[in-house]
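**Q** Need coordinates for the below:
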Amino acid sequence: MTTPELGLPMAVPAPGLPATVRIHEVGARDGLQNEKATVPTEVKAEFIRRLAEAGLSTVEATSFVHPKWVPQLADAEQLFPLVRDLSDLSGTALPVLVPNERGLDRALALGATRIAVFASATESFAKANLNRTVDEALAMFEPVVDRAKAQRAHVRGYLSMCFGDPWEGPVPVTQVVRVCRALVDMGCDELSLGDTIGVATPGHVQALLAALGEAGVPAAALGVHFHDTYGQALANTLAALQHGVTTVDASAGGLGGCPYAKSATGNLATEDLVWMLRGLGIDTGVDLDRLIATSVWMADRLGRPSPSRTVRALSHKE
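**A** A predicted model of the protein is given here:
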């Protein structure tokens, strides 16, 4: 137990938790893709740089999706070269989302070395998001993953609707495990389990992780991506950590949602996650003060306050 600094929680480690956690920061991509007003490319680049300077080792930069579907990310070709040097300057990983082979071509042409594909655990969301069945989407991703691996790129597989779907309701664990196993067999280095509409609870999280372990998908290959619709994101994260997961997705300032799931609210705020992990004595490498300053800076540019409770609490201290 250590004495807290002013404005920081007392560190009281709990048994059975990892010593370190890697935060996969998604604010610049997932966080900004839903903004109604266009965020200038230069502001996005500055946001990414500030996040890296705050100590976040992985900052998802953008998505090479067709501008028709996600207009906010139409500047991927302009943005990525503005931040690409962060990989050399600070070792910051800059993953980018690619929806298909055309997106992969665009990303590889700019020197991207970490890519992600975005699959669904449910038929309804696969149809809404990709206009394909689950199996048709997996077939589309297979050559993307093959070619990315041939270029020695790291491949992350996002899996949405792992716990509940707005059209189908609760999602059976076996259904999620089947798609996860397919993504691993395809060659994905890492999977991110998405609670897209925020309906997961800790027992459900641990049941899914246990089932994945039994299917040969270890916690070391998994990240978790929780939305805070019902205020469960931190509780679900703790449940995942107790099960051995050491990668957690979060969004600076709590930005983001999902353009194809109207009931999806903001992502887990990175600051709230860092506060909890600090209190548990878990190292993230993140400078909380710099991260909060970055989220306040971005909130000013978006014209509204940050939804992060930690940002609100600490940015208003005298």
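
**Q** Okay, buried residues for stretch 144-153 please.
**A** Within stretch 144-153, the residues that qualify as buried are 144-145, 148-149, 153, counting by 16 or more other Cβ atoms under 10 Å. Every residue, glycine included, has its C-beta placed from N, CA and C.

**Q** CSV please, covering these and showing distance to residue 138 and secondary structure.
**A** Formatted as CSV, the buried residues of stretch 144-153 follow (distance: Cβ to Cβ, whole Å; DSSP: H, G, I helix; E, B strand; the rest coil):
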residue, distance to residue 138, secondary structure
144, 11, helix
145, 10, helix
148, 15, helix
149, 16, helix
153, 19, coil
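
**Q** Helices of this protein, start to end?
**A** Using DSSP state H, the helices assigned to the chain run over residues 41-53, 76-83, 86-89, 101-109, 123-130, 134-150, 173-186, 202-214, 233-242, 270-279, 288-302, 309-315.

**Q** Surely residue 77 and residue 107 touch.
**A** No. Residue 77 is beyond contact range of residue 107, at 9.6 Å (criterion: Cβ atoms under 8 Å).

**Q** Which of the two has more residues huddled nearby?
**A** Per other Cβ atoms under 10 Å, whichever of residue 77 and residue 107 has more neighbours is residue 107, with 28 against 14.

**Q** Got the confidence number for that one?
**A** Per-residue pLDDT puts residue 107 at 98.

**Q** quick one: it and residue 96 touch, right?
**A** Yes. Using Cβ under 8 Å, residue 107 makes contact with residue 96 at a distance of 5.0 Å.

**Q** Are there residues contacting both of the two? Which ones?
**A** Residues touching both residue 107 and residue 96 (Cβ atoms under 8 Å, 6 or more residues apart in numbering) are 64, 76, 80, 115.

**Q** Output those residues as TSV; include the columns neighbour count, pLDDT and distance to residue 56.
**A** Compiled in TSV, the shared contacts of residue 107 and residue 96 are given as follows (neighbours: other Cβ atoms under 10 Å; pLDDT from 0 to 100; distance: Cβ to Cβ, whole Å):
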residue	neighbour count	pLDDT	distance to residue 56
64	24	97	21
76	25	97	20
80	22	98	17
115	24	98	19
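
**Q** Which member of these is positioned nearest residue 302?
**A** Nearest to residue 302, judged by Cβ to Cβ, of those is residue 76 at 19.7 Å.

**Q** Distance of that closest one relative to residue 107?
**A** Going from residue 76 to residue 107 by Cβ to Cβ, to the nearest Å gives 8 Å.

**Q** Now for the two: what residues contact both?
**A** Joint contacts of residue 76 and residue 107 (Cβ under 8 Å, 6+ apart) are 64, 96.

**Q** so how far is residue 75 from residue 121?
**A** 30 Å.

**Q** Looking at those two, which has the bigger crowd around it?
**A** Set residue 121 next to residue 75 and count neighbours by other Cβ under 10 Å: residue 121 wins out with 27 against 19.

**Q** So what touches stretch 300-318?
**A** Here stretch 300-318 makes contact (Cβ under 8 Å, 6+ apart) with 7, 35, 37, 39, 43, 253-255, 266, 269-272, 274-275, 288-289, 292, 295-296, 298-299.

**Q** Alpha carbons only: can I get the least confident helix or strand in the chain by mean pLDDT in CSV?
**A** Sorting the helices and strands of the chain by mean pLDDT, DSSP states H and E puts helix 86-89 at the bottom, at a mean of 90. Provided in CSV are the C-alpha atoms of helix 86-89 (Å, rounded to 0.1, in the frame of the first residue of the first chain):
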residue,chain,number,x,y,z
LEU,A,86,5.7,8.3,-33.8
SER,A,87,6.6,4.6,-34.4
ASP,A,88,10.2,5.6,-34.7
LEU,A,89,10.2,8.6,-32.2
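
**Q** Mind giving me the packing neighbours of that helix?
**A** If contacts are counted by 3 or more Cβ pairs under 8 Å, 6 or more residues apart in numbering; DSSP states H and E, helix 86-89 sits against helix 41-53.
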